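*Asks:* Let me see the structure of the following:
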Amino acid sequence: MAVGLVVMVVAWLAAHRGVAVVTVLLAGLAGAVWVRRRRERAQWRETQLRGLRYALAQLDALHHQEFEQAVRELMRRDGCPDATRVGGRGDLGADVKATDPLGRRWVIQCKHRRDGERGSAVGTPDLQVLNGTARPVHQADIAVLVTNGRVTGPAEEFARQQRLHLVDRRLLATWAAGSQPLWDLLGALPPPRRPSALS
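*Replies:* Numbers count the residues shown, from 1 in each chain. So this is what the prediction gives:
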């Protein structure tokens, strides 16, 4: 039955060539418009990401999952198109994973404080989880804890000892404002994994 229907349609189109030509032209035009709109949407998204900026008040107002999404978007803005949010139950200390333009793998633990600087400080236990999983489980080259709050003195010392990077409220404000990518704001990073235009 399907074959018979196809044969009838082909026979009708052969008898009415003008309709067939117009149909093909309209289908081609519709396809071209669809491709163009898709390309424009992708370009607009890229433009939005390049211009992405957050104020601390915006970050403070987010839910903790939205905060993780914001960190992911900041990494994408800075040139990590593979940045993904993996946070949630069973994340094993990784909320965001990304690969920077130099090929280095980033594992980021996010600690959002609803009260910002007035909220509870991030302590050593949070960093111990990150330290225990970032490199052996997630194969991180760079392990980072990002918070919109404060970090305790003992946690800062532990981070130094274990080669963990901290992005506290002050550094987050600079990064989120969009002046520099995160790797330009942090010191003592490992060398590139692969040569690139940035290395």
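
*Asks:* avg pLDDT for stretch 136-147?
*Replies:* Per-residue pLDDT over stretch 136-147 has a mean of 96.

*Asks:* In that stretch, which residues are buried?
*Replies:* His138, Ala140, Asp141, Ile142, Ala143, Val144, Leu145, Val146, Thr147 (16 or more other C-beta atoms under 10 Å). C-beta coordinates here come from the backbone N, C-alpha and C atoms, glycine included.

*Asks:* Looking at those residues, which is nearest Arg118?
*Replies:* Thr147 (12.8 Å; C-beta to C-beta).

*Asks:* any idea how far the closest one lies from Ser120?
*Replies:* 10 Å (C-beta to C-beta, to the nearest Å).

*Asks:* can I see the domain layout of this structure?
*Replies:* Domains of the chain are assigned by automatic domain parsing as 2-49, 56-185.

*Asks:* quick revisit: next, show the common contact partners of Thr147 and Ser120.
*Replies:* Arg113 (C-beta atoms under 8 Å, 6 or more residues apart in numbering).

*Asks:* before we move on, back to that, quick one: which of the domains of the chain is nearest Pro191?
*Replies:* Using C-beta to C-beta, the nearest of the domains of the chain to Pro191 is domain 56-185, at 8.1 Å.

*Asks:* First-to-last residue distance for that closest one?
*Replies:* 17 Å (C-alpha to C-alpha, to the nearest Å).

*Asks:* now the helices for the protein?
*Replies:* In the chain, the helices defined using DSSP state H lie at 2-15, 17-50, 56-60, 64-77, 124-133, 153-162, 169-176, 182-185.

*Asks:* Please tabulate the ones you listed in CSV, including the columns distance to Ile108 and mean neighbour count.
*Replies:* CSV is the format used below for the helices of the chain (distance: least, C-beta to C-beta, whole Å; neighbours: other C-beta atoms under 10 Å):
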stretch, distance to Ile108, mean neighbour count
helix 2-15, 54, 10
helix 17-50, 17, 11
helix 56-60, 14, 16
helix 64-77, 6, 21
helix 124-133, 9, 18
helix 153-162, 13, 15
helix 169-176, 12, 18
helix 182-185, 9, 17
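
*Asks:* between these, which gets the lowest average pLDDT?
*Replies:* Among the helices of the chain, helix 17-50 carries the lowest mean pLDDT (a mean of 72).

*Asks:* quick one: stretch 59-70 to chain centroid distance?
*Replies:* Between the centre of stretch 59-70 and the centre of its chain there are 13 Å (C-alpha atoms, centre = their mean, to the nearest Å).

*Asks:* right, I mislabeled it, should have said stretch 95-109
*Replies:* Distance, centroid of stretch 95-109 to centroid of chain: 9 Å (C-alpha atoms, centre = their mean).

*Asks:* what do you get for stretch 119-134?
*Replies:* That offset, for stretch 119-134, works out to 22 Å (C-alpha atoms, centre = their mean).
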